[in-house]
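1. sequence first, then the predicted structure, then my questions.
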Amino acid sequence: MKNVIKNIVINAAQLAFQKGLLQSDVIPDMEIEAPRHENHGDFSTNFAMISASIQKMAPRKIAEIIKSCIEDNINNCYPKDGNSGCSGIIAKIEIAGPGFINFFLAPTAWYPFIQKIHNQGKDFGRSNIGHGKKVQVEFVSANPTGPLHIGHGRGAAVGDAVGNILAFSGFDVQKEYYINDSGRQIRTLGRSVWLRLCQLVGKEIDFPEDCYQGDYIQDIAKEINDLVTKKPFDLANPESVNTAELSNTDDAETHLKMLGNLFDKTEAEAIDICAKYAADKILQGIKDDLYDFGVEFDRWFSEQSLYDSGKVQDAIKKFQARDVIYEKDGALWFKTESFGDEKDRVVVRNNGLTTYFASDIAYHTEKFDRGFDRVIDVWGADHHGYINRINAAIEASGRKREQFDVILVQLVNLLRGGQPVAMSTRSGEFVTLKEIVDEVGKDAARFIFLSRSYDSGLDFDLEVAKQQTADNPVYYVQYVHARITGIVAKACEQGVILAPEDVMVKGASNLEHLVEPEELKLIKILASFTEVVEKSALALHPHLIFTYLMLLASAFHGYYNKHKVITEHQDLTLARLCLISSVKKVIHNGLTLLGVSAPERM
RNA sequence: GCGCCCGUAGCCCAGUGGAUAAGGCAUCAGCCUCCGAAGCUGAAAAUCGCUGGUUCGAUUCCAGUCGGGCGUACCA
């Protein structure tokens, strides 16, 4: 609708120039906005104000010219009727304030949206601003050394929603999880499990501080120990093997084989086996938890695979060839400073080991090699110091900086009844994402994570999230969906319509009965959904969808409380059923983008 | 020290060049014989951290400053 208005203004400006009323035919980059106040019309443009210096004319004078040209320009704009000056789309044009041109649309301009929403259904709101461009969204990517916590949950909700919104806006999106399954933290994981295992079989060991302290390490050690000790029995009775516990591996038998003689191996080999087993186990837990949180990835990408395929070395060699890597003090340094970083960074240490940064360079190079036009990483705010160096890697590999975005998600404070919940990774005592989802539910958790901009820190209060009250916005919106379902079902029972899907059959021709201010307001909000989604996609800000859903829900509740849908007048009832069915569809589409369900009943 | 994010009503937060700064919580006063009260209506509550600058116009952009969070490895 904004584009329609914009074209009307442009046509009018051109007409004015042809008539000699305006000195210049330059069309500045005007804004068409929906004003905050209803008495400023449905749409407003600042055309006259920003044209003042170009036309060398007072803004209000320009506005007058535009207004009269729009009203004259019958062919391009709208038909006139005898009385009000205009009919069709525009009901009235006003000039206000310093030179705003305000457009008041006729109700008939809005009714087609209801038909459109019903026709498009789950596709209403979809656009093609992405033009099929290939985009990768990488998020969560937590190390498989422990379960996901609440911070990962926020990143998961944001990354998933951004991916959904981009896909809905015409981008070809792939969601990816990068598994840091290489390097020291995995060895530390293996060592942690191995030492716990040794403790289990009676060895006196001081468990080191730099090992993972969490209980889950002991659980895994116990699991391995059970497998090892039960093995002879299990071999005799293969059916008794609890393969469910081994579901994380493709080949439970291989694991048993390896585990069987674990204590016969050298400590280094045993640690490797423990590392592999534990990482697989933990990663499977992560996958399960994300699945329960409603997040599914298109691809799980292994860091180790970059080493196995030689891509880390390839990337280093390429950078050396481009002269952006040099040697100093026995180490290899990437000249990130010349790309805007504070200082140069090491990629290969003087002991010959590559740094994490080296595989990150290879990974980000590889992403573009796979054909993505654009790459988006979702990171916790505590990693912001890495943006400059990854940017450097992107540029040094010949890509443009605009092709790479980092979404920095600020940290989450977990509260219970207003009091901070103690979280210590060091001691291994923290509330996991799974526990949170189990306690408050997937929908409430996701909705709260997406309720505000990720630029701001977030207090997540478990007690509030659990409440089924207005404190908890998810129910406010879901309630609309359930409520409408109930009303439409009632209409079916009463025989007004045959089935919920049939509302438009008899209702489409009765939409002109929708004349109440609350009804027009609702339709206008519905009509703006596509623009909101586009804005959300361009800004990479999913909370715009949240804000929109709250606005729509509020408008609906207000309408519901003031007007009966099912009335004595059949035509009016049909029209209103069409309207609220549209609301239901848009609520559904919006919630779906955020990964929140739209229940029929609550 | 340097870098990033945030400072909007008692509390939480939206808005990010425009016309009277939007919601929610909490407070107060109302609304269910009536389609789902997980709802609605009304009242009260904001010098948009502070100081300059750019602009016809700044909560929005720029500079500085104060306050809070996070980060600043040949760690991952």
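-> Sure thing, it's come through.
2. mind telling me what element the spatially closest residue to residue A:201 that is not a sequence neighbour is part of?
-> Distances taken as C-beta to C-beta, 6 or more residues apart in numbering put residue A:225 closest to residue A:201, at 6.9 Å, once the chain neighbours are dropped. The C-beta positions use only the backbone N, C-alpha and C, and glycine is treated the same way. Element membership of residue A:225, judged by DSSP states H and E, is helix A:215-236.
3. quick check, the residue nearest to residue A:201 in contact with residue A:198.
-> No: look at residue A:225 against residue A:198 with C-beta atoms under 8 Å: they stay out of range, at 9.9 Å.
4. all helices for the stretch 351-500 of chain A, in order.
-> Using DSSP state H, counting those that start in this stretch, the helices found in the stretch 351-500 of chain A span residues A:356-369, A:387-396, A:433-440, A:442-449, A:462-466, A:473-493.
5. Throw the ones you listed into TSV and include mean pLDDT, mean neighbour count and distance to RNA strand B, thanks.
-> Output for the helices of the stretch 351-500 of chain A, formatted as TSV (pLDDT from 0 to 100; neighbours: other C-beta atoms under 10 Å; distance: least, C-beta to the nearest atom of the strand, whole Å):
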stretch	mean pLDDT	mean neighbour count	distance to RNA strand B
helix A:356-369	96	21	3
helix A:387-396	95	21	7
helix A:433-440	94	19	12
helix A:442-449	95	24	9
helix A:462-466	88	17	9
helix A:473-493	95	19	2
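6. could I get the ones you listed as TSV with distance to residue A:527?
-> Formatted as TSV, the helices of the stretch 351-500 of chain A follow (distance: least, C-beta to C-beta, whole Å):
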stretch	distance to residue A:527
helix A:356-369	37
helix A:387-396	38
helix A:433-440	34
helix A:442-449	24
helix A:462-466	32
helix A:473-493	17
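7. quick one: closest of those helices to residue A:46.
-> Residue A:46 lies closest, by C-beta to C-beta, to one member of these: helix A:473-493, at 32.9 Å.
8. tabulate the CA atom coordinates of the closest one in PDB.
-> Output of helix A:473-493 as PDB, limited to C-alpha atoms (Å, rounded to 0.1, in the frame of the first residue of the first chain):
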ATOM      1  CA  PRO A 473       3.000 -12.100  26.500                       C
ATOM      2  CA  VAL A 474       2.900 -15.400  24.700                       C
ATOM      3  CA  TYR A 475      -0.500 -16.300  26.100                       C
ATOM      4  CA  TYR A 476      -1.800 -12.800  25.200                       C
ATOM      5  CA  VAL A 477      -1.100 -13.600  21.500                       C
ATOM      6  CA  GLN A 478      -1.900 -17.300  21.500                       C
ATOM      7  CA  TYR A 479      -5.200 -16.500  23.200                       C
ATOM      8  CA  VAL A 480      -6.300 -14.500  20.200                       C
ATOM      9  CA  HIS A 481      -5.700 -17.600  18.000                       C
ATOM     10  CA  ALA A 482      -7.600 -19.900  20.300                       C
ATOM     11  CA  ARG A 483     -10.400 -17.400  20.900                       C
ATOM     12  CA  ILE A 484     -11.000 -16.900  17.200                       C
ATOM     13  CA  THR A 485     -11.000 -20.700  16.700                       C
ATOM     14  CA  GLY A 486     -13.700 -20.900  19.300                       C
ATOM     15  CA  ILE A 487     -15.900 -18.200  17.700                       C
ATOM     16  CA  VAL A 488     -15.600 -19.700  14.300                       C
ATOM     17  CA  ALA A 489     -16.500 -23.100  15.600                       C
ATOM     18  CA  LYS A 490     -19.500 -21.600  17.300                       C
ATOM     19  CA  ALA A 491     -20.600 -20.000  14.000                       C
ATOM     20  CA  CYS A 492     -20.300 -23.400  12.400                       C
ATOM     21  CA  GLU A 493     -22.400 -25.000  15.100                       C
END
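9. now do it against helix A:442-449, angle only.
-> Here helix A:473-493 runs at an angle of 130 degrees relative to helix A:442-449 (axes from the mean of the first three to the mean of the last three C-alpha atoms, to 10 degrees).
10. for helix A:473-493, packing partners?
-> Judged by 3 or more C-beta pairs under 8 Å, 6 or more residues apart in numbering; DSSP states H and E, helix A:473-493 is in contact with helix A:442-449, helix A:543-562, helix A:570-594.
11. for the stretch 1-150 of chain A, just list every one of the strands.
-> Ranges of strands in the stretch 1-150 of chain A, per DSSP state E, counting those that start in this stretch, are A:32-33, A:43-45, A:90-96, A:100-105, A:134-138.
12. got the buried residues for the last one?
-> Using 16 or more other C-beta atoms under 10 Å as the test for burial, strand A:134-138 gives A:134, A:135, A:136, A:137, A:138.
13. between which two of these is the distance greatest?
-> The distance between the two most remote of the buried residues of strand A:134-138 (C-beta to C-beta) is 13.5 Å, for A:134 and A:138.
14. which bits of the stretch 251-400 of chain A sit near RNA strand B?
-> By the criterion of C-beta under 7 Å from any atom of the strand, the positions of the stretch 251-400 of chain A lying close to RNA strand B are A:328-331, A:342, A:345-346, A:349-351, A:353, A:355-357, A:381-386.
15. what subset of those residues is buried?
-> The neighbour count (16+ other C-beta under 10 Å) marks A:331, A:345, A:346, A:355, A:357, A:386 as buried among these.
16. check contacts around the first one.
-> Contacts for residue A:331 (C-beta atoms under 8 Å, 6 or more residues apart in numbering) come out as A:346, A:348, A:349, A:350.
17. tell me the phi and psi of the first one?
-> Listed backbone geometry of residue A:346 is phi -80, psi 140, with angles given as degrees, to the nearest 10.
18. that one pairs with what?
-> For residue A:346, the beta-bridge partners are residue A:333 (DSSP bridges).
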